[in-house]
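**Q** A predicted structure for the sequence below; I have some questions about it.
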Amino acid sequence: MSANEIRIVVSGMSYTECPRWHDGRLWFVDFYTHTVNSVNGDGSDLRIELEVPAQPSGLGWLPDGRLLVVSMKDRKVLRVEPDGSVEVHADVTDHVTGHPNDMVVDAQGRAWLGNFGFDLMGGADLGTADLLRIDPDGTIVHAASDLWFPNGSVVTPDGATLIVDETFGNRISAFAIAPDGSLGERTDWARFGAPPSTLVLADAFGEAVLAPDGCGLDGEGCLWVADAIGNRVVRVREGSDIVDEIPLDTGVFACMLGGTSGRTLFLCCAPDFDENARSAAREATIRAVEVTIGHAGLP
C-alpha cells in the first residue's frame, strides 16, 4: 500500500497544516504566511483563499457551505459568509488554556475544537486541555476534559463517533456522540504507550512512543495518522495495530485522504514545528502518495 512514489504537490511554504479535500481541491493553511490556501491535486492553480492575521489552523464547512477557520492567536473561530465577509463564529478565549488548533465540523454543523492546553512554543510545563463543541449558532460547550493535547479529529461516517488524537498522551481516544451532541465517556481507540509521567515538556517528549497529530479516516475504518516525532505516517486499526507505515525524510504533522478517487494521501511536511525556525524559512511542503483504500467520514 505504501510502496508508491511520494510526490511534492506544494513547496515553498512556512508550515502547512489541516489538509482538507473540498469541492475538488485540496485546502490547507500555512501558519506563518497567515493564509488559507487551495490547490488542485496535481499542484496547479495554487490560490490564497483567505488571510488570517492571527494565524489560521483548523478548517471545516457548515452544512450550508460556509467556511469555518480557527484563528489561533486571538483564540477565535471565524466564519466566511457567502459575500466573502468574515465574522466571528465563536470567541473561545475564556474556554481554552492554549492556542486553539485542529477542528472537525460534523454533518450537523457542530465544530469539535481542540487546543494546546499550555504554551507549547514557550516551553511551559505540559497541561491537559478541554475539547470544545461549538454549535452552529456559536454556543460553546465543554464536551470533554483532561485530554493530552487534543489534536487531529475525525467523525465516523455514521456520525456516531468522534475520534481524537492526543499528541502527548500516546493515545487516540474515541467518544460516542449522542443525538444532542453530548459525548459519552472517553475510551481508548488506540494506545501506543503510557500517558506522560511528568509535566516537564522535554521529558514528556522523551516518553512519547508515537505522537498522533493530524489524521484521516479510510473506508476500512483505519486511521492514517501523522506521527509528530517519528518522521512518518502510520495506518492504525482500532485497537492499536499499525498495519502500514510510510517513512519520510522530514517531519510530517498532518495527513488527509482526498483526490478525485479519495485514495490520495496528502501529507503536511516540515523539518520541525519550531515557530521561530518555520516562520523564518520556506521549507514546508505538501506531499502526496496513492494508497489502496479511499477516504471516509469527516473531514
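**A** Arrived safely.
**Q** for the closest residue to Arg186 other than its chain neighbours, report the pLDDT, please.
**A** Take Arg186 and drop its neighbours on the chain: the residue closest to it by Cβ to Cβ, 6 or more residues apart in numbering is Ser173, 4.9 Å away. Backbone N, C-alpha and C define where each C-beta goes, glycine included. Predicted confidence (pLDDT) at Ser173: the value is 98.
**Q** what about Ser173, distance to Ile163?
**A** Distance, Ser173 to Ile163, by Cβ to Cβ, to the nearest Å: 7 Å.
**Q** re earlier: the helix or strand hosting the residue nearest to Arg186 packs against which elements?
**A** Ser173 is part of strand 171-176, with elements assigned from DSSP states H and E. Helices and strands touching strand 171-176, as assessed by 3 or more Cβ pairs under 8 Å, 6 or more residues apart in numbering; DSSP states H and E, comprise strand 140-147, strand 161-166, strand 187-191, strand 212-217.
**Q** is it possible to export those to CSV including distance to Trp61?
**A** Written out in CSV, the entries for these read as follows (distance: least, Cβ to Cβ, whole Å):
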stretch, distance to Trp61
strand 140-147, 19
strand 161-166, 17
strand 187-191, 25
strand 212-217, 16
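**Q** same list, the ones you listed, but as CSV with mean pLDDT and mean neighbour count please.
**A** Converted to CSV, the helices and strands packed on strand 171-176 look like this (pLDDT from 0 to 100; neighbours: other Cβ atoms under 10 Å):
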stretch, mean pLDDT, mean neighbour count
strand 140-147, 98, 17
strand 161-166, 98, 25
strand 187-191, 98, 17
strand 212-217, 98, 27
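**Q** closest one to Thr285 among those?
**A** Closest approach to Thr285 among the helices and strands packed on strand 171-176 is made by strand 212-217 (14.7 Å; Cβ to Cβ).
**Q** can I get that closest one in CSV, CA atoms only?
**A** As requested, the backbone C-alpha atoms of strand 212-217 are provided in CSV (Å, rounded to 0.1, in the frame of the first residue of the first chain):
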residue,chain,number,x,y,z
PRO,A,212,-0.5,11.4,16.9
ASP,A,213,-1.1,14.7,15.1
GLY,A,214,-3.4,15.3,12.1
CYS,A,215,-5.3,12.3,10.8
GLY,A,216,-7.8,11.0,8.3
LEU,A,217,-10.2,8.0,8.2
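**Q** ok, and what's touching that strand?
**A** Applying Cβ atoms under 8 Å, 6 or more residues apart in numbering, the contact partners of strand 212-217 are 17-19, 102, 151-154, 156-157, 163, 165-167, 171-172, 190, 192, 223-228, 252-257, 265, 268, 295-297, 299.
**Q** filter those to the buried ones?
**A** If you count burial by 16 or more other Cβ atoms under 10 Å, the buried members of these come out as 17-19, 102, 151-154, 156, 163, 165-167, 171-172, 190, 192, 223-228, 252-257, 265, 268, 295-297, 299.
**Q** against which helices or strands is the host helix or strand of Leu265 packed?
**A** Under the assignment given by DSSP H and E, the secondary-structure element containing Leu265 is strand 264-270. In terms of contact count using 3+ Cβ pairs under 8 Å, 6+ apart, strand 264-270 is assigned the packing partners strand 16-22, strand 25-30, strand 223-227, strand 251-258, strand 284-290.
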